[in-house]
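Q: Provide a 3D model corresponding to the input given below.
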Amino acid sequence: MSSDSDSYPSRGGGADHRSLRQITRDRLLNEMLKSTRSSSRSTWKVLIMDKLTVKIVSNSCTMTDITEQGVSLVEDLYKRRQPLPSLDAIYFMQPTQENVSIFMSDMSGKHPLYKKAYIFFSSPVQKELVDQIKNNSKVLTRVGALSEMNLEYFAIDSQGFVTDHDKALEELFTESVEGSMKYNSCINTMATRIATVFASMREFPRVHYRVARTIDASTLTTVRDLVPTKLAASVWNCLARYKSAIPEFPQTETCELLIVDRSIDQIAPIIHEWTYDAMCHDLLCMDGNKYVQEVPSKNGSATEKKEVLLEDHDPLWLELRHLHVADANERLHEKLTNFISKNKAAQLHKERFGQQTRGGELSAKEMQKMVQALPQYSDQMDKLSLHVEIADKLFEIIKQQHLKDVGQLEQDLVFGDAGTKELIDFFRTRRDISRENKLRLLMVYAAINPEKIQSDKGGKLMQLAGLSTDDMIPVKNMRCLCAHDTKKSSKSGFTMKFELRKKKRGIRKERIGEDSTWTLSRFYPILEELIEKLSKGELPKDEYHCMSEPSFSSRGFSSSSSARASPAHQPAQSMRSKWTGGTWARPRNSDDGYSSDSVLKHTSSDMRKLGQRLFIFIVGGATRSELRAAHKLSSKLKRDIILGSSSLDDPPKFMTGCFNFCNEKSGGECFEPNWRIEKQKRRRRFMICFIALG
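A: Residues are numbered from 1 along each chain as shown. Okay, here's the model as predicted:
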């Protein structure tokens, strides 16, 4: 049995400059699908996958990519399938007993479903499962290849991946996890999937992790406190096996990996993030990256729904996603104006059907110009109109929900410019604020004032906000993300150890040099500071340990390696700063005024300038603000920063997860958040008709 392709290139200390998603895509297409074409006489093949591997492939490849590699049909492993004895089959599946049993059933007997089978396991397979295949002589003769792909993660972005553990908060941080089988299973599976990222990228990391926090020597450390420690040890064990099992896998450290959990920053998953990307996923009715647009039907009598993916293939999305929503809106309207003024077809369309309608028929010359420009006009106008519609819809929701006022109070609470008095005044005077936004404000307040929210004052705030006991479950369950029950101490889990309590009650410091036109852009995730410290080798030695050191003392780790790999750290321009004048609306080398300076255009050259990679993994869900920080700091630090997590959570999803923390007061019963149902109804009302442009 082979383990990964021998031909797959090693990074070799900086030789492989492709992004995470590019590497993942290339492995799936070349190492798995293309490798079967040279060893098979069959022109077309069937690709069979389980539920997890379908997601793995769909996050990195299109159906066109797969078809070009000779796949004529994609099938579900668990569904009954039609026999195709003239075709070969490619099995990409998890190495489980159930999957192997299904495969054996497919390929055994006198009449197997397929002519020959090529098996690719997504992660290391147990010897017992391989023996089941080898011991069946008939099946063995029909096996063309048996390989461990070691690719069991979802590449959600060029610099981000998830391990598909949406219930990590529930399985690792609830009060009942002591001795739970789900706890150990979640840790081990998560570690295996993290390790496959390094197998794909041919990187061997120096593994750092956040140690368990204790208030004093008499306090007992719980398994919840040890999540990063246990995960780091499990990842380290997986990587140790890879050193001997995978050809050309590095034998010495080539990068840095930091493992933390959601307790490092409980505010980031709750607070309103004001970038275009975050607002889309927070406020719009989206399924992952799918946005449902209503467009005029072909006959023009009604509208029809059209699914659109907001992903890397859209250069306009790449340009706008990390901008403040107001900047994105301004840039969109600038592009629309330039497009109409420079595009020939748009001009004629405007003159023909717009305010400047002329009498008579178009001349032959005008018609020729329109026909020549129309294909480009149609495609680009569709993309522009899509994002203009989204931006307009976002601003309508922001206005109706009074999110500017909510966001301002959130920021003031975080930075210590507001406190209990301001929150009480807000609840008394703003009765029109939704239950969800009141709850989010209370969760921010709880992260800053844990002792107050757990006292009688918390109950009074709940009553003042008009929230029920059930609504307050996520606020109370957030204590599960703390190392211990909160006390009036600077080491409380909710304080996150930012020493800013003498003058202000806030838990963030204003960042020097981070100028922004928008006051709602002040917030930044704690992850930004951790990444910068990791890059400089300055992680606090008493809070972060390293697996590769001789002992688990509080020595920290040497900064020499990362310091040599990264250039001098220079202050960078804030990516949140408002673009002004000709800088943000600089002319494009295009006659249509649309073409974007997409980051993809310069990916290869930019990647070659980067030093050693930095990997950060957050147990319990990452946020879009943290993914944006990875992109931002990659440019600032000249390092390829990759963010991994158990899941990528938007605020509604995170809050729903907090509802599912079973506790004693709820009798172990999980409540369905009523505000979530209300929000779904409200979202439907915003599925308005297509906005006519021009």
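Q: pLDDT score for residue 182?
A: Per-residue pLDDT puts residue 182 at 89.
Q: same thing with residue 286?
A: pLDDT, residue 286: 87.
Q: burial count for it?
A: Counted with other C-beta atoms under 10 Å, residues neighbouring residue 286 total 17. In this view, the C-beta of every residue, glycine as well, is placed from N, C-alpha and C.
Q: quick one: contacts for it?
A: Counting by C-beta atoms under 8 Å, 6 or more residues apart in numbering, residue 286 touches 280, 292, 310.
Q: what of residue 386?
A: So residue 386 contacts 291, 293, 308 (C-beta under 8 Å, 6+ apart).
Q: you'd agree the last one is up against residue 288?
A: No: between residue 308 and residue 288 there is no contact, the gap being 12.0 Å when judged by C-beta atoms under 8 Å.
Q: between these two, tell me which one has more neighbours.
A: Taking residue 308 and residue 288 together and counting by other C-beta under 10 Å, residue 308 has the greater number of neighbours (19 against 12).
Q: ok but the more buried one is inside a helix, no?
A: No: Residue 308 sits outside any helix when classified using DSSP: H, G, I helix; E, B strand; the rest coil, being strand.
Q: residues in contact with it?
A: By C-beta under 8 Å, 6+ apart, residue 308 lies in contact with 290-293, 386.
Q: pLDDT score for it?
A: Predicted confidence (pLDDT) at residue 308: the value is 90.
Q: so what's it bridging to?
A: Note on residue 308: beta-bridge partners residue 291, judged by DSSP bridges.
Q: if we can go back for a sec, need the contacts of residue 386 in TSV with distance to residue 134, can you?
A: Formatted as TSV, the contacts of residue 386 follow (distance: C-beta to C-beta, whole Å):
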residue	distance to residue 134
291	48
293	52
308	47
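Q: of those residues, closest to residue 412?
A: Nearest to residue 412 among those: residue 291, at 31.9 Å, using C-beta to C-beta.
Q: correct me if wrong: that closest one contacts residue 390.
A: Yes: at 6.9 Å, residue 291 counts as touching residue 390 under the criterion of C-beta under 8 Å.
Q: so those two - more neighbours on which side?
A: Just comparing residue 291 and residue 390: by other C-beta under 10 Å the higher neighbour count belongs to residue 390, 27 against 21.
Q: who's in contact with that one?
A: Residue 390 touches 280, 284, 291, counting by C-beta under 8 Å, 6+ apart.
Q: got phi/psi on residue 262?
A: Note on residue 262: its backbone torsions stand at phi -60, psi -20 [degrees, to the nearest 10].
Q: count of residues packed around the nearest residue to it once chain neighbours are set aside?
A: Nearest residue to residue 262, sequence neighbours excluded (C-beta to C-beta, 6 or more residues apart in numbering): residue 620, at 3.1 Å. Neighbour count of residue 620, defined by other C-beta under 10 Å: 25.
Q: can you list the low-confidence ranges for the stretch 1-150 of the chain?
A: Applying pLDDT under 70 to the stretch 1-150 of the chain picks out residues 1-16, 39-42.
Q: so which residues of it form helices?
A: Ranges of helices in the stretch 1-150 of the chain, per DSSP state H, counting those that start in this stretch, are 20-26, 35-38, 51-58, 63-68, 97-107, 127-134, 137-141.
Q: which stretches of the stretch 251-400 of the chain form helices?
A: 276-283, 315-320, 325-342, 344-353, 364-400.
Q: least confident of those, on average?
A: Among the helices of the stretch 251-400 of the chain, helix 344-353 carries the lowest mean pLDDT, a mean of 60.
Q: for this protein, what's the longest strand?
A: Looking across the chain with DSSP state E, the single longest strand is strand 611-619.
Q: quick one: strands adjacent to it?
A: Assessed with DSSP bridges, strand 611-619 is paired to strand 255-261 (parallel), strand 639-645 (parallel).
Q: among those, which is nearest residue 73?
A: Closest to residue 73 of these is strand 639-645 (C-beta to C-beta; 32.4 Å).
Q: quick one: the closest one to chain centroid distance?
A: Here strand 639-645 is found 11 Å from its chain centre; the criterion is C-alpha atoms, centre = their mean, to the nearest Å.
Q: distance from the helix or strand that comes right after that strand to the middle of the chain?
A: Later in the chain than strand 639-645, the nearest helix or strand by DSSP states H and E is helix 651-659. Put simply, helix 651-659 sits 16 Å off its chain's centre (C-alpha atoms, centre = their mean).
Q: against which helices or strands is helix 651-659 packed?
A: Secondary-structure packing of helix 651-659 (3 or more C-beta pairs under 8 Å, 6 or more residues apart in numbering; DSSP states H and E): helix 168-173, helix 435-448, helix 473-477, helix 674-685.
Q: so what sits against both of residue 291 and residue 390?
A: Residues touching both residue 291 and residue 390 (C-beta under 8 Å, 6+ apart) are 280, 284.
Q: give the contact list for residue 149.
A: Residues in contact with residue 149 (C-beta under 8 Å, 6+ apart) are 4, 27, 31-32, 92, 120-123.
Q: check residue 242 too.
A: 150, 195, 198-199, 204, 249.
Q: just the ones of the residues you listed in strands?
A: Nothing among the contacts of residue 242 maps onto strands, per DSSP E.
Q: residue 455: neighbour count?
A: The local packing of residue 455 (other C-beta under 10 Å) involves 11 other residues.
Q: quick check: it vs residue 68, distance?
A: As judged by C-beta to C-beta, to the nearest Å, residue 455 and residue 68 stand 63 Å apart.
Q: related to what we said a few turns ago, nearest to residue 23 among the strands paired with strand 611-619 would be which one?
A: Judged by C-beta to C-beta, the one of the strands paired with strand 611-619 that comes nearest to residue 23 is strand 639-645, at 10.6 Å.
Q: output the closest one as PDB, nothing but the C-alphas.
A: Coordinates of each C-alpha in strand 639-645 appear next as PDB, following Å, rounded to 0.1, in the frame of the first residue of the first chain:
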ATOM      1  CA  ARG A 639       4.600  35.100   6.200                       C
ATOM      2  CA  ASP A 640       2.100  32.700   4.800                       C
ATOM      3  CA  ILE A 641      -0.400  32.600   7.600                       C
ATOM      4  CA  ILE A 642      -3.000  29.700   7.600                       C
ATOM      5  CA  LEU A 643      -5.900  29.700   9.900                       C
ATOM      6  CA  GLY A 644      -7.600  26.400  10.800                       C
ATOM      7  CA  SER A 645     -10.500  25.600  13.100                       C
END
